[in-house]
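*Asks:* Here's my sequence, what's the structure:
(chains A, B, C and D)
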Protein chains: 2
Amino acid sequence: MKKVKQKDLSLPRPRDRGATERSILEAAKLVLAEEGFQSFGINAIARRAQCDKQLIYRYFAGLEGLVEASGIELASKLTHDLHQISAAHRPDSYGALMKVLLLGLLDLLRGDKIMQQTIAWELAAPSPLLSRLIAARSQALSTWMHHMRGDLTPPPGADAPAINAALIAAAQHLVLSASASGAFAGMMIKTEADWRRVRDTLATLVDGAYGTRPS
Amino acid sequence: MKKVKQKDLSLPRPRDRGATERSILEAAKLVLAEEGFQSFGINAIARRAQCDKQLIYRYFAGLEGLVEASGIELASKLTHDLHQISAAHRPDSYGALMKVLLLGLLDLLRGDKIMQQTIAWELAAPSPLLSRLIAARSQALSTWMHHMRGDLTPPPGADAPAINAALIAAAQHLVLSASASGAFAGMMIKTEADWRRVRDTLATLVDGAYGTRPS
DNA sequence: CATACATATCACCGGCTGGTGACAAATAGG
DNA sequence: CCTATTTGTCACCAGCCGGTGATATGTATG
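*Replies:* Have a look, this model is predicted:
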């Protein structure tokens, strides 16, 4: 069965600029989440949105502007999600605080394909276009940490920023690798039980680094 | 100044199949290391090798075979480098052993653009073509760890495989991020001093996880 | 109604990609 | 010397990409 030329049965788009812009933004997110940053381009987004790519140029001044517009939305979503996490916890030590942050971030990242793709994108192809996205994200993250810290201070002698960076790096890499291949360094990361193991391990690392008792 | 059609001054390749194959393999490595996996394709490699892409099809049966041929070479190099590392150390505890392994792997990865690109590639675009490369690498790594372990055993109650996976994940992610943007989570990773800080941090995490005294 | 504008679509361009068949030239074997 | 094989080059294909100018069509305004 060869594919035969087929008349375009789709009706023309309703002439509603606002709706079109929204559908383009939605399509951009879908493409990034489901097809990866490698497929993230004008043509792919236009196909998803079922509109002409010309409209992307007109309404967003190209990919650049589209990414920027999406970026704002995503940053606000991130801060909201982070707030959600921190609302339910009252840690009583710096280590306990970091444990909450790290595991919360892990779960957040796990469910957010877009953020995963953004991180992978930045690792693979650093570009000025992305640096702003990344900056916005880490900005939201750091203000969140600062706001939540309260009067808790890290143990003296500990290089807390570096330790936290390494822990977050571990979490991010495990999520990305799990998403890509379902495993890392011989350890399967697929089932909920696997993820509990990961969480326990990260908690252990936090406890070890900050001298807290296991909770 | 428009670029003008220019006669090809290059002499034809010497008719030496072995040399041609070597130069193609070399070109493949260069493209991957310097231009990234996104540019890793038949045309780019042929350009680098200054030969016709047809030869890649003839001698390696396409990209697939070329990757495979390179993969073998890289795996043997990895095992050699790992041996190099372990030769000079006689750790007296499991924690000390892991510290050596982790920091050795960090430095190894730091100087190996090809391995960095391979890892990023796998994170971004999982494909059966790459899974074999990855499998070969983790195989070499695990046999190395097994061979080097000796009679040292992890502390009871510790989930050593998971802890090691998390630590390696942290190291890999920090290297990739440093290579891509020179920073991670607000921490600069550029100078040698920065890298010493990273090493110290990873060592601290190992000590904390395995209850060893800081060395 | 007629005109002007906003919206959407189409057709095309140059450039790059992977892939292939035809051809030229050097070499080896009889 | 003539031939067959190997080695290398070239020309071309279809397909996708980003980007743009021209065009149709709906909608609001005078």
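*Asks:* Contacts only, for the nearest residue to A:I72 once chain neighbours are set aside.
*Replies:* Excluding the flanking residues, the one nearest A:I72 by C-beta to C-beta, 6 or more residues apart in numbering or on different chains is A:A136, at 7.6 Å. In this view, the C-beta of every residue, glycine as well, is placed from N, C-alpha and C. Residues in contact with A:A136, defined by C-beta atoms under 8 Å, 6 or more residues apart in numbering or on different chains, are A:71-72, A:74-75.
*Asks:* and stretch A:127-134, does that touch chain B?
*Replies:* Yes: using C-beta under 8 Å from any C-beta of the partner chain, stretch A:127-134 reaches chain B at A:131, A:134.
*Asks:* Residue ranges in chain A under the pLDDT threshold?
*Replies:* A:1-10 (pLDDT under 70).
*Asks:* re the thing from before, show me which of the contacts of A:A136 are buried.
*Replies:* A:71, A:74-75 (16 or more other C-beta atoms under 10 Å in any protein chain shown).
*Asks:* related to what we said a few turns ago, dump the contacts of A:A136 into JSON lines; add secondary structure as well.
*Replies:* As requested, those are exported to JSON lines (DSSP: H, G, I helix; E, B strand; the rest coil):
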{"residue": "A:G71", "secondary structure": "helix"}
{"residue": "A:I72", "secondary structure": "helix"}
{"residue": "A:L74", "secondary structure": "helix"}
{"residue": "A:A75", "secondary structure": "helix"}
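*Asks:* Can you redo those as TSV, where the extra columns are distance to DNA strand D?
*Replies:* Listed next are those as TSV, based on distance: C-beta to the nearest atom of the strand, whole Å:
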residue	distance to DNA strand D
A:G71	17
A:I72	20
A:L74	20
A:A75	24
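*Asks:* picking that back up, now the strand or helix carrying the residue nearest to A:I72: buried residues?
*Replies:* Here A:A136 sits within helix A:128-149, counting by DSSP states H and E. By neighbour count on 16+ other C-beta under 10 Å, the buried set for helix A:128-149 is A:130, A:133-134, A:136-137, A:140-141, A:144-145, A:148.
*Asks:* so how far is B:A185 from A:D194?
*Replies:* As judged by C-beta to C-beta, to the nearest Å, A:D194 and B:A185 stand 25 Å apart.
*Asks:* quick one: which of those two has more around it?
*Replies:* Applying other C-beta atoms under 10 Å in any protein chain shown to A:D194 and B:A185 shows that B:A185 carries more neighbours, namely 20 against 16.
*Asks:* Quick check: the gap between A:A135 and A:W144.
*Replies:* Using C-beta to C-beta, which is the criterion applied here, A:A135 is 15 Å from A:W144.
*Asks:* A:S70 now?
*Replies:* Counting by C-beta to C-beta - A:S70 and A:W144 are separated by 20 Å.
*Asks:* circling back to that earlier point, now, which of the buried residues of helix A:128-149 sits nearest A:L205?
*Replies:* Using C-beta to C-beta, A:M145 comes nearest to A:L205 of those, at 17.6 Å.
*Asks:* what about the residue nearest to the closest one when sequence neighbours are not counted, how many neighbours?
*Replies:* Leaving aside its chain neighbours, A:M145 sits nearest to A:L101 (6.5 Å; criterion: C-beta to C-beta, 6+ apart). The local packing of A:L101 (other C-beta under 10 Å) involves 24 other residues.
*Asks:* Can you mark which positions in the one helix or strand A:L101 maps to are buried?
*Replies:* According to DSSP H and E, A:L101 maps onto helix A:94-110. Neighbour-count burial for helix A:94-110, counted by 16+ other C-beta under 10 Å, picks out A:94-106, A:108-110.
*Asks:* residues touching A:R199, list them.
*Replies:* Contacts of A:R199 (C-beta under 8 Å, 6+ apart): A:103, A:106.
*Asks:* secondary structure class for it?
*Replies:* Going by three-state DSSP: A:R199 is helix.
*Asks:* Next, find the distance separating it from A:I189.
*Replies:* Going from A:R199 to A:I189 by C-beta to C-beta gives 11 Å.
*Asks:* now A:Y59
*Replies:* Distance of A:Y59 to A:I189, given as C-beta to C-beta: 40 Å.
*Asks:* correct me, but A:I168 touches A:L105?
*Replies:* Yes: contact criterion C-beta atoms under 8 Å: A:I168 and A:L105 qualify, at 6.6 Å.
*Asks:* OK, contacts around the closest residue to A:I134 other than its chain neighbours?
*Replies:* Nearest residue to A:I134, sequence neighbours excluded (C-beta to C-beta, 6+ apart): A:E122, at 5.4 Å. Counting by C-beta under 8 Å, 6+ apart, A:E122 touches A:130-131, A:133-134, B:177, B:180-181.
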